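Colleague: kindly generate the corresponding structure for this input.
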Amino acid sequence: MRVQLILSTKYWQKVGLTDEFLAERLGQLEGWIYTYLLPPFDGTGGIGGPVATYWASSPYAIGPYVMNSYGIIRGLCARAADGPDARARAEKFALFYLRIQDPTSGLFISSWGETPFIPLGLVQQASVVAALWDLHRVWPNNEVAKIAERGWKACIRHPTMKRLWNVYNQALRACEALILRAWAWGDSYPLKQDRQILQRVGRMILSAQWPDDGSIVAGAIPQSASDDRIIMPYQGKCLYPLILLGEVLQAPQYIEAARKLADFILRIMDVEQEYLLPGSFLPKGRRLRTARWFYRGRYIWPWMEPVLQQYRRWQIADWYFNPRPRWIARGFDTARGLFYLGQVLDEERYKLAAIRMVREALRYQSPIGGIRNTLGFFGRDPQEIGGLVWQDALPIPRWNSYAIQFLHELLSGTPLRSPIVPSTDAYDEVKLAYGCTLFETADEVKLTDASGKQIWMIRKGFRWGRPFKPALDWNEGAAVNNEYR
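Modeller: This next block holds a predicted model:
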């Protein structure tokens, strides 16, 4: 059974939305992200912009990044029947992927996990592969298939990638790519050796999911085998791949795992009375630090890892919940997972929650089209520090790419429209905490201090920004906790 999006306008109407409204907002969003196109400005040079995993030096390292194109390609593939322009646009962005692959390792050189231009991200690598297989499925192309196959081999053979299969949301994205690979070749189910990979990851996720023991995190999935934190956006990224696992393996336990995870997400959003994803949960326990120290013994005795991991989890006595930051654009892949789950289970509450998340996020779309990043980026209520910081207000191409994907899927079956590029006189000006001002146009983004002095500037269409000073500070958000690490 293929997981497909089957829509009815009744969901829009229940939350006050229409197809026309969504199409207009999508056009503005695509037009904004197109302002970050790099030469030759047709998609083949990639999309630049601030890097959401490298905040301190983000305005400096603004070169092309694979995740900025990922959602656009997949969204356009969902509109294959909605107009001939879908294919042309998708293939332009995919050509960027074909140009940046290392033919020896299969790695995509602009697919870093944290530090720019060091290709160490499994979720980034697997996402490119997924987008290419999606493209090959609707518009078969031998060159696309060859590049996708080479990229997939890197996911399972490259030493760094192999280590990242213990990060649960990354492993699930890799499983999604593997399933799309089978579908691209016209197979309903993956080959035997591929099914073994899916089953292994599935068992790992089921064993990691927090049991239904009445705790506040029941149903949640920790960050990784070595990291018990529960970071809300990463929860939502697990939903859709779990649904795919259940469908292709004909294993209802994975659908049930997705349901438990969705119930956890909705429970937390209901507590917060807001359809924006809240921040993160950090484990607390008197002996937890010692348990983490013992867990390092897995490097000496690998066979002891399950026992050491379980011992560490036993030491968790309570959870610290920080509702900040509220994630805005980054919540679209969670909304997407909720909608598909509601469709598979035929339960309307998941679908309505997804559409409410879309409506809430679109309230934070800037005057030139980008959807803002967070509320309370540093883990504190913006009112406490006198307003938003630039990391809150600045729309990020990567998360907006996820938004573009889901909006295209929601609008599947309606006429495809062209991006609405902002006019030369359109601008977005946001007054921030500490007297700073963020100013964005179709050509540039800049941050100024209270005296009007420029702190940094991004010239769109170029591969480097102008920083106040290059920096590397990993303690820049509520999702990062140095004491925990």
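Colleague: now for Met304: which residues touch it?
Modeller: 297-298 (C-beta atoms under 8 Å, 6 or more residues apart in numbering). Just so you know, the C-beta spots here come from the backbone N, C-alpha and C atoms, and that holds for glycine as well.
Colleague: so it belongs to a strand, correct?
Modeller: No: under DSSP: H, G, I helix; E, B strand; the rest coil, Met304 sits outside any strand and is assigned helix.
Colleague: what's the pLDDT at it?
Modeller: With respect to pLDDT, Met304 scores 84.
Colleague: residue ranges with poor pLDDT in the stretch 301-450 of the chain?
Modeller: Judged against pLDDT under 70, the stretch 301-450 of the chain has no low-scoring part.
Colleague: quick one: the strands in it?
Modeller: Ranges of strands in the stretch 301-450 of the chain, per DSSP state E, counting those that start in this stretch, are 318-322, 326-327, 374-375, 428-431, 437-440, 444-448.
Colleague: now the ones you listed as TSV including distance to Thr160?
Modeller: TSV is the format used below for the strands of the stretch 301-450 of the chain (distance: least, C-beta to C-beta, whole Å):
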stretch	distance to Thr160
strand 318-322	30
strand 326-327	27
strand 374-375	29
strand 428-431	38
strand 437-440	35
strand 444-448	32
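Colleague: out of those, which is closest to Trp185?
Modeller: With respect to Trp185, and counting by C-beta to C-beta, the nearest of those is strand 326-327 at 35.5 Å.
Colleague: what does the closest one contact?
Modeller: Against strand 326-327 from outside (C-beta under 8 Å, 6+ apart): 232-233, 274, 276-279, 373-376.
Colleague: which ones among those residues lie within helices?
Modeller: The helices, defined by DSSP state H, take in 232-233 from those.
Colleague: with just CA atoms, put the host helix or strand of Asn68 into CSV.
Modeller: In this assignment (DSSP states H and E), Asn68 forms part of helix 67-78. The C-alpha trace of helix 67-78 is given here as CSV (Å, rounded to 0.1, in the frame of the first residue of the first chain):
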residue,chain,number,x,y,z
MET,A,67,18.5,20.9,2.5
ASN,A,68,17.5,24.3,1.1
SER,A,69,16.4,22.5,-2.2
TYR,A,70,15.2,19.2,-0.7
GLY,A,71,11.6,20.2,0.1
ILE,A,72,11.1,22.1,-3.1
ILE,A,73,12.0,19.1,-5.2
ARG,A,74,9.8,16.7,-3.3
GLY,A,75,7.0,19.2,-3.2
LEU,A,76,7.1,19.7,-7.0
CYS,A,77,7.2,15.9,-7.5
ALA,A,78,3.9,15.7,-5.7
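Colleague: how far does it sit from its chain's centre?
Modeller: Mean-position distance between helix 67-78 and its chain equals 12 Å (C-alpha atoms, centre = their mean, to the nearest Å).
Colleague: same deal with stretch 325-343?
Modeller: Worked out by C-alpha atoms, centre = their mean, stretch 325-343 lies 10 Å from the chain centre.
Colleague: pull out the buried positions in that stretch.
Modeller: Going by neighbour count (16 or more other C-beta atoms under 10 Å), the buried part of stretch 325-343 is 325-343.
Colleague: could you point out which element follows the helix ranked longest in the chain?
Modeller: Longest helix in the chain, counting residues (DSSP H): helix 252-272. Toward the C-terminus, helix 252-272 is succeeded by strand 280-284 as the next helix or strand (DSSP H and E).
Colleague: which neighbouring elements make contact with that next one?
Modeller: Judged by 3 or more C-beta pairs under 8 Å, 6 or more residues apart in numbering; DSSP states H and E, the packing partners of strand 280-284 are strand 230-231, strand 318-322.
Colleague: returning to what we had before: tell me the two of the contacts of strand 326-327 that are most distant?
Modeller: Top of the distance list for the contacts of strand 326-327 (C-beta to C-beta): Glu274 and Asn373, 16.0 Å.
Colleague: tell me which of those two has more neighbours.
Modeller: Asn373 (28 against 15; other C-beta atoms under 10 Å).
Colleague: go ahead and confirm that one touches Ala393.
Modeller: Yes: Asn373 is in contact with Ala393 according to C-beta atoms under 8 Å; the separation is 7.2 Å.
Colleague: joint contacts of these two?
Modeller: Counting by C-beta under 8 Å, 6+ apart, no residue touches both Asn373 and Ala393.
Colleague: quick one: low-confidence ranges for the stretch 51-200 of the chain?
Modeller: In the stretch 51-200 of the chain (pLDDT under 70), the answer is 53-54, 56-57, 114-119, 188-189.
Colleague: buried subset of the contacts of strand 326-327?
Modeller: Looks like those have 232-233, 276-279, 373-376 buried, using 16+ other C-beta under 10 Å.
Colleague: the residues you listed into a markdown table, with extra columns for distance to Leu172?
Modeller: Compiled in a markdown table, these are given as follows (distance: C-beta to C-beta, whole Å):
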| residue | distance to Leu172 |
| --- | --- |
| Met232 | 16 |
| Pro233 | 14 |
| Leu276 | 23 |
| Leu277 | 17 |
| Pro278 | 21 |
| Gly279 | 21 |
| Asn373 | 24 |
| Thr374 | 24 |
| Leu375 | 27 |
| Gly376 | 28 |
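Colleague: of those, just say which sits nearest to Asn68.
Modeller: Asn373 (14.2 Å).
Colleague: nearest residue to that closest one other than its sequence neighbours?
Modeller: Ile396 (5.4 Å; C-beta to C-beta, 6 or more residues apart in numbering).
Colleague: what's around that neighbour, how many residues?
Modeller: Neighbours of Ile396 using other C-beta under 10 Å come to 26.
Colleague: thought it was touching Ile47?
Modeller: No: contact criterion C-beta under 8 Å: Ile396 and Ile47 do not qualify, at 11.2 Å.
Colleague: could you pull up the residues touching Asp227?
Modeller: Val167.
Colleague: so how far is Met304 from it?
Modeller: 18 Å (C-beta to C-beta, to the nearest Å).
Colleague: picking up where we left off before, just name the closest of the contacts of strand 326-327 to Gly71, please.
Modeller: Pro233 (14.4 Å).
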